[in-house]
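> Have a look at this prediction, sequence included:
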Amino acid sequence: MSEQLFKSGFSNLDHEQNAVPLKTQGRIPYWLNGTLFRNGPAKFSANENLGWHTHWFDGLAMLHKFSFCEGNVIYSNRYLRSNAYYSTLEKGQFNTGFGSKGGTRIKYANNTNINVAILDDRFMALSETPGIIEFNPVNLETVDVFNFDDSLGGQLTTAHPHYDLQTGRYINFTTEFGRKHAYNLYSVAPHSRKRDLIASVRTDRPAYMHSFANTENYVIITEFPLVIDPRDLANEQKTLIENFTWKPDHGTLFRVVRKSDGIILKTFEAEAFFSFHHVNAFEINGGLVLDICALEDAKTINHLQVSNLKGKTGEPIFVQLRRYTVKFDSRNVSYEVISPASIDLPRINYGRYSGKSYRYAYGISTNKDHYENYPNQLAKADLQRGTTTIWRQDGCYPGEPIFVQRPNSSDEDDGVVLSVVLDGRNSHSFLLVLDAQTFEELGRADVTHHIPFGFHGIFTGEQYM
């Protein structure tokens, strides 16, 4: 599509709203009661006249909230008041952050614009730096930096923690640079802010990793060959990701840790590939299965500069949904492609099937016959049948699809899928509600303005009006 109607998804959203009722079309299920929280960048330039220079991952964080009550939807949005936010608005300086060229390195920027999580019964905005920001779920106001009650070290982390379905524990890891580099894998008990170390996994080649895998008994850290010499971090002329180098000869390592005692079982090896997102993982007799949204290399990171995304359509980037099989009696890991569609920002029925054998995955997708620089359809992959169901509307660009289970249901896909969609033709966004089983539209709630393309979020059954 030559018009590239998705461009407004990378433009600033300057106004904030509180508790605005949305006009709905179709039917929003009456059983759908709760709150959808979304996180993502919403300001890409301090001054529109200066041009666009920011990496997508570095736009200033904005929280969005959709509250559901008996078929009605109420919307709120608010910028996160971080050091990065105040520096940009008061001084016109953007943080170099993840990959923004020409910016300024802001100390403790805490531009946590990637995900939302609940920790110690509090709502948190997350990114890949250790500074977590707490916010109020009712009015979305920024509370403060959340401090853990321990001294665990680390300069990087992931924005995709897991929740152990058996214990309710929050699981994540930090990457610590030092004389001996390590991934510090930890868990946090419910109603606590103390990180309990599970294992310290030594590495001589710290890698960039956006997510990891979790099963009932194991955590798997997938170490891609996008690696860093931590001494390079002293160079203030480089962005964070520019310090990482693609080393395909290193291959990809799967480091498997047993949660019960922190024993590192073994390191398994596969050919070089890159990924932002694990989908799910589960245990099989004598091994593990990991489903991953995979890319051949890490070139896509630079493609995500806003100037590239808003430029002319470039070389197509398709993300393969791969199933990697780890066998404990072998060091080598093999894979198969399990969906014909390009799928990323994946979600599953997490509350019931995280770390377990499952059937369905949902994600954003790029239509191979109508390629654009931003994904233009939603996909539901049936991993048993090897089939994929698509929702697509011309000129519309969906965000991460979040599955919400219907109360008292037993089928894995009995519920709805929620996605914030940009209507590029009419320059506004809407919240799409799909029947998760048929993948057909049930209804939508129209927002009066555009919502810039975000990343991740959560749905909670509590209503925060």
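Nice, I can see it. Numbering: from 1, shown residues only.

> make it CA atoms for all contacts and neighbour counts henceforth
Fine.

> mind checking the SS state of Arg78?
strand (DSSP: H, G, I helix; E, B strand; the rest coil).

> so how many other residues sit close to it?
Using other Cα atoms under 10 Å, Arg78 has 20 neighbouring residues.

> Shouldn't Arg231 be within a strand?
No. Secondary structure of Arg231 (three-state DSSP): helix, not part of a strand.

> Quick check: it vs Asn39, distance?
32 Å (Cα to Cα, to the nearest Å).

> residues contacting the residue lying closest to Lys7 once chain neighbours are set aside?
Using Cα to Cα, 6 or more residues apart in numbering and skipping the chain neighbours, the partner closest in space to Lys7 is Lys310 (5.8 Å). Going by Cα atoms under 8 Å, 6 or more residues apart in numbering, Lys310 touches 4, 7, 10, 373.

> The last one: which element?
When elements are defined using DSSP states H and E, Asn373 is found to belong to no helix and no strand.

> so what pLDDT did it get?
Note for Asn373: predicted pLDDT of 87.

> Likewise for Gly314?
So Gly314 comes in at 61 (pLDDT).

> Repeat that for Phe57.
95.

> secondary structure class for it?
Classified using three-state DSSP, Phe57 is helix.

> distance of it from Lys310?
From Phe57 to Lys310 the distance is 14 Å (Cα to Cα).

> try Asn39
21 Å.

> Given the longest strand anywhere in the chain, what are its sheet partners and their directions?
Counting residues, the longest strand in the chain under DSSP state E turns out to be strand 274-284. Using DSSP bridges, strand 274-284 pairs in its sheet with strand 287-295 (antiparallel).

> List the buried residues of whatever helix or strand comes next after the partner strand.
The C-terminal neighbour of strand 287-295 among helices and strands, as given by DSSP H and E, is helix 300-303. Buried residues in helix 300-303, counted by 16 or more other Cα atoms under 10 Å: His303.

> End to end on stretch 108-128, go ahead and measure it.
Span of stretch 108-128 from end to end, Cα to Cα: 13 Å.

> ugh, typo on my part, it should be stretch 391-403
15 Å.

> follow-up on the earlier one: more neighbours: which of Arg231 and Asn39?
Applying other Cα under 10 Å to Arg231 and Asn39 shows that Asn39 carries more neighbours, namely 26 against 10.

> which residues does that one bridge with?
Leu63.

> give me every residue that touches it.
Asn39 touches 61-64, 113-116, 125, 454-457, counting by Cα under 8 Å, 6+ apart.

> gap between the residue nearest to Lys7 and Tyr397?
14 Å.

> Identify each buried residue in the least confident helix or strand in the chain by mean pLDDT, please.
Ranked by mean pLDDT, DSSP states H and E, the weakest helix or strand in the chain is helix 306-309, scoring a mean of 84. For helix 306-309, the neighbour count (16+ other Cα under 10 Å) marks 306-309 as buried.

> go on, stretch 430-441?
430-437, 439, 441.

> so how far is the top helix by length along the chain from its chain's centroid?
For the chain, the longest helix by residue count, based on DSSP state H, is helix 83-91. Relative to the centre of its chain, helix 83-91 is centred 24 Å away, using Cα atoms, centre = their mean, to the nearest Å.

> now stretch 257-270
25 Å.

> what mean pLDDT would you report for it?
pLDDT averaged over stretch 257-270 gives 95.

> who's in contact with it?
Contacts of stretch 257-270 (Cα under 8 Å, 6+ apart): 198-199, 201, 217-220, 251-256, 326, 330-334.

> Just the endpoints, please. Distance across it?
Note: stretch 257-270 ends 17 Å apart using Cα to Cα.

> Enumerate the positions of that stretch that are buried.
By neighbour count with 16+ other Cα under 10 Å, stretch 257-270 contains the buried residues 257-259, 262, 264, 267-270.

> Same list (the residues you listed) but as CSV, adding secondary structure.
What follows is the buried residues of stretch 257-270, written out as CSV (three-state DSSP):
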residue, secondary structure
Val257, strand
Arg258, strand
Lys259, coil
Gly262, coil
Ile264, strand
Thr267, strand
Phe268, strand
Glu269, strand
Ala270, strand
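
> What is the nearest of those to Pro137?
Nearest to Pro137 among the buried residues of stretch 257-270, counting by Cα to Cα, is Lys259 at 31.5 Å.

> My reading is that Glu462 lies in a helix. Confirm?
No. Counting by three-state DSSP, Glu462 is not found in a helix; it is coil.
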